[in-house]
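Visitor: Compute the structure for the input listed below.
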Amino acid sequence: PSIHPSIHPSRMTSVAHLVIPGQIVATSSTNKEESEEDGFLRGHGTYVERVGDEDRLVASVCGTVQRVNKLITVIPFASSLYQGHVGDLVVGRITSVGNSRWMVKLTPHGRDAQLPLSGVHLPGGVQRVRTAQDQRNMRQFLCEGDLISAEVHKVQPSDGTLFLHTRSYRYSKLENGVIVSVPPSLIPRMKNHFLSMVDDVVDVLWGTNGNIWIQRRLGGESSTDENETNKDLADLQEHLRKKHASTPVTIEERQAISRLRNSIECLNLVHAMVTPENAEKVFKRSIELNLLPFDMMNPSRVIELTSNLEESA
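Guide: Sure, this is the predicted structure:
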């Protein structure tokens, strides 16, 4: 493709070039013979408009241009919109139960994701074809208002609809904890989004969609015996979750959860990257200053708690 003069080709491979909505990124001739040699493929964050005998690739978001062969994409610079990728860990809330699927709200203003009946574990980890009886019992598995953790299984190319699954024992209904929401752009993609923090007192699910779930540590680490089957593992995890949901949270655990929750809110208020490392720093700093969790949200304290953080790119 012919890169627009405002975007120098030499910068494409070295320095990420920032574009704004409406800016022309690349041009190509509408002539079929010429377009085969000098064409482009439209990526996310762009749209194509035809002017005369020329196709123009125009940025639809403010971000940086990324080019891989003929594919040109604009990566949002600081977007509050969540763009799902296969393999993402997300935390969402069930909004409706439909025909063989649940609808899941991942972000306040985005399109609901779909969780098909075939994408969930049946009680006891049974592996079989889903039946009409399973469809009638869907609300016994998950109902409206339930919070869940899931993984993005597929992204619909036409409209960006996300399809989820919870077939791994790591994903399930979430209970007896607290959720905090931040802009998705503040949560970087990490190798592991399920972490134990604060001296292994709490478990945290860092949803790439901006929802972060905090609960006391589940405990009861699963056995690594080679003879242990998937069904045994599923039974163990289901037992641990039921025990967790029915066991009251102690005062010490509640304080740790509240302090970590407010540490994340402090990062959000100053628009700092919400990472486990930054959250731990704010958490420990609040203890050093002998602050109660409630006092951490005082505006002057927020600045004090986050002043030592290194700026994240």
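Visitor: What is the three-state secondary structure of Ser263?
Guide: helix (DSSP: H, G, I helix; E, B strand; the rest coil).
Visitor: Isn't it up against Ser286?
Guide: Yes - the pair formed by Ser263 and Ser286 meets the contact definition of CB atoms under 8 Å, at 6.8 Å. In short, each C-beta sits where N, CA and C put it, glycine included.
Visitor: More neighbours: which of these two?
Guide: Ser263 (27 against 22; other CB atoms under 10 Å).
Visitor: ok, and the closest non-adjacent residue to that one?
Guide: Nearest residue to Ser263, sequence neighbours excluded (CB to CB, 6 or more residues apart in numbering): Val282, at 3.9 Å.
Visitor: how near is that neighbour to Gly39?
Guide: 49 Å (CB to CB, to the nearest Å).
Visitor: Then Val182?
Guide: Distance, Val182 to Gly39, using CB to CB: 39 Å.
Visitor: of the two, who's got more company?
Guide: Taking neighbours as other CB under 10 Å, Val182 and Gly39 compare with Val182 leading, 21 against 16.
Visitor: my guess is the more buried one contacts Gly210, does it?
Guide: Yes - the pair Val182 / Gly210 is scored as a contact, 5.3 Å apart, by CB under 8 Å.
Visitor: circling back to that earlier point, tell me if I'm right that the residue nearest to Ser263 and Leu267 touch.
Guide: Yes - with contacts counted by CB under 8 Å, Val282 reaches Leu267, the gap being 6.5 Å.
Visitor: Give me the common contacts of the two.
Guide: 306, 309 (CB atoms under 8 Å, 6 or more residues apart in numbering).
Visitor: Could you report the neighbour count for the residue nearest to Ser263?
Guide: Residues lying near Val282 (other CB under 10 Å) number 24.
Visitor: Could you do His193 as well?
Guide: Residues near His193, counting by other CB under 10 Å: 21.
Visitor: Need the per-residue pLDDT for it.
Guide: His193 is assigned 90 on the pLDDT scale.
Visitor: quick one: it and Thr208 touch, right?
Guide: Yes - the pair His193 / Thr208 is scored as a contact, 6.9 Å apart, by CB under 8 Å.
Visitor: shared neighbours, those two?
Guide: Counting by CB under 8 Å, 6+ apart, the shared contacts of His193 and Thr208 are Leu89.
Visitor: which stretches of the stretch 51-200 of the chain form strands?
Guide: Secondary structure of the stretch 51-200 of the chain by DSSP state E, counting those that start in this stretch: the strands cover 54-59, 63-68, 71-76, 89-97, 101-105, 113-116, 147-155, 162-165, 173-174, 177-181, 194-197.
Visitor: possible to save those as a markdown table with distance to Pro188?
Guide: Shown next, in a markdown table, are the strands of the stretch 51-200 of the chain (distance: least, CB to CB, whole Å):
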| stretch | distance to Pro188 |
| --- | --- |
| strand 54-59 | 23 |
| strand 63-68 | 15 |
| strand 71-76 | 13 |
| strand 89-97 | 13 |
| strand 101-105 | 23 |
| strand 113-116 | 21 |
| strand 147-155 | 16 |
| strand 162-165 | 19 |
| strand 173-174 | 22 |
| strand 177-181 | 16 |
| strand 194-197 | 13 |
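Visitor: Nearest to Gln255, out of those?
Guide: Of all these, strand 177-181 sits nearest to Gln255, with 12.2 Å by CB to CB.
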